[in-house]
Every structure is written in structure tokens, then in C-alpha cells.
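> Here is a sequence together with a model predicted from it:
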Amino acid sequence: MTDLAAAYRGIRVRVRELVLEHEAEWDTVVPAAPEWTVHDVLAHLGGITADIVAGNLDGVGTDPWTARQVAARRGRDTLELLAEWDECAVPVESMIDSFGPASGQLLFDACAHEHDIRGALRCPGARESDAVVVGFDWLADHVGSARTSVGVGALEIEHEAGLATCGDGTPTARLRITRFEFTRAVSGRRSREQVEAYEWDGDARPDLLVLSRFIPRLNALVE
């Protein structure tokens, strides 16, 4: 099993165990994605792998593609969703290295939703998992590209395991942050005020920290 496959499987195993321990809360609204419940997030996670296996990739990664996954499974039992995810994830994990750049997005998306579910169930954890580490690297590349595209120089990120540089050229800013918190911010799980309040030095441009496909939250979220 490759590092990517192992990291993805780790997410799946942790989420399964967590969800089964909180059966009474499957209909809990997810604060990080308030239009969804825990059940809906599981429908999305399993639906992605099912669509990959079935070749249903028209509009892959878009909101309508995701919405179809959730809508099609809204009436299914949560245990069925977990079983579908387990079944379809096995072939996906075996070929994840062949997805190219999309492999990083697949892993990051699952990692983000693991922590969305943890927030809904008030069960923080796995914040230094291999999935967080890989997700951080993938997101850091995208943040670097955003800074390079507007010519503001590279960003140094001082995190719990060392120093990373995002973007080309001489670093013009530094951010002190954990890799977990970085992944939450970049994916729109933090408000503008929260992002601006991080430990920044130099030409910060906190607006460039959030990926363009996401919108910062209106209200603060700490999970």
C-alpha cells in the first residue's frame, strides 16, 4: 500500500469507528458544512468512490456532482453508506497513485470531511495524521501558486515540524501555524477575522490563504 493509499484508508477507518460510536448523532448538522448532516457527509465520501469506480465523472469535483451523490443517498441507512464506502474505496485506494494531481485533492477532501465530522460529534483528534501532512503539502503548493500569480513573493510557513516555503522567489511573508490549522483555513473552514488574526509577518496577504474555490466562513469556527 502506497503512502497515499494508506493515508486515505486511515481516514476511512477512523471515520467508520467514530461514526459507529455515535449512532444517535448521525442526523447532527455539521457546523463546517451546515447544509449537511453527518449522514450527508458520509454519502458524499462514499459517493465519490462509487462514482470513480462506476466512471461517473461528468462534472467531477463540482458542486452539482457532489449534490447528486448526497441526494441519491439521502434515504439510505448510514450503515449502508459505510458499507458502500468500504467496498468502493478498496479499488480506488489501489489506483490512487495513477490519478496524478487529483490524488491530492481526493485525499485532502476526505481529510477535511473527517474533521468536519469530528467537529459535529465534538471528538477532535488525528490532527497530526499522515492525511493532514499530505493535505498540507498539497494545499501549500496551491497557496504558493496563488501568491506567485499576483507577484507578491513566496510565503514561509513555520509549523510544528519545521519550515515550508510556498511559491516562487524570495519569501516576503511568514506565517506561524500548525499544519492542521492551515488545512482548515485554506479550505474555508475559518472566517476572515480568524485568518487575519494568525501570526503573520511581512506582506501577509491573508486573502490569498483561502483557495479560490472556497469562501471564508462568516462566523468563527474553532473545530
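Everything's here; your move. Predicted model only: the values in this text are computed from it and were never measured.

> Got the domain ranges for the chain?
When the chain is parsed with automatic domain parsing, its domains come out as 3-101, 130-208.

> Tabulate those in CSV, adding columns for mean pLDDT and distance to residue 219.
All C-beta spots, glycine's among them, are computed from the backbone N, C-alpha and C. CSV is the format used below for the domains of the chain (pLDDT from 0 to 100; distance: least, CB to CB, whole Å):
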stretch, mean pLDDT, distance to residue 219
domain 3-101, 96, 9
domain 130-208, 96, 6
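
> could those domains be laid out in JSON lines, adding mean neighbour count and distance to residue 115?
Shown next, in JSON lines, are those (neighbours: other CB atoms under 10 Å; distance: least, CB to CB, whole Å):
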{"stretch": "domain 3-101", "mean neighbour count": "16", "distance to residue 115": "8"}
{"stretch": "domain 130-208", "mean neighbour count": "18", "distance to residue 115": "7"}
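
> could these go into TSV alongside distance to residue 122?
Converted to TSV, the domains of the chain look like this (distance: least, CB to CB, whole Å):
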stretch	distance to residue 122
domain 3-101	9
domain 130-208	16
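
> among the ones you listed, which is nearest residue 114?
When the domains of the chain are compared by CB to CB, domain 3-101 sits nearest residue 114, at 5.0 Å.

> if we can go back for a sec, and the domains of the chain: which comes nearest residue 112?
Once these are compared by CB to CB, domain 130-208 is nearest, at 5.1 Å.

> now the end-to-end length of that closest one.
25 Å (CA to CA, to the nearest Å).

> from here on, count from 284
Fine by me, first position is 284 from now on; the one you just mentioned is domain 413-491.

> can you list contacts of stretch 450-459?
426-428, 430-431, 435-442, 448, 465, 481-488, 492 (CB atoms under 8 Å, 6 or more residues apart in numbering).

> Which residue comes closest to the residue nearest the centre of the chain once chain neighbours are left out?
The C-alpha lying nearest the average C-alpha coordinate of the chain belongs to residue 395 (CA atoms, centre = their mean; 2.6 Å). Excluding the flanking residues, the one nearest residue 395 by CB to CB, 6 or more residues apart in numbering is residue 470, at 5.1 Å.

> what are the phi and psi angles of the one you found?
With angles defined as degrees, to the nearest 10, residue 470 shows backbone torsions of phi -90, psi 20.

> For residue 418, see how far away it is.
Per CB to CB, to the nearest Å, residue 470 is found 9 Å from residue 418.

> Thank you kindly, that will do.
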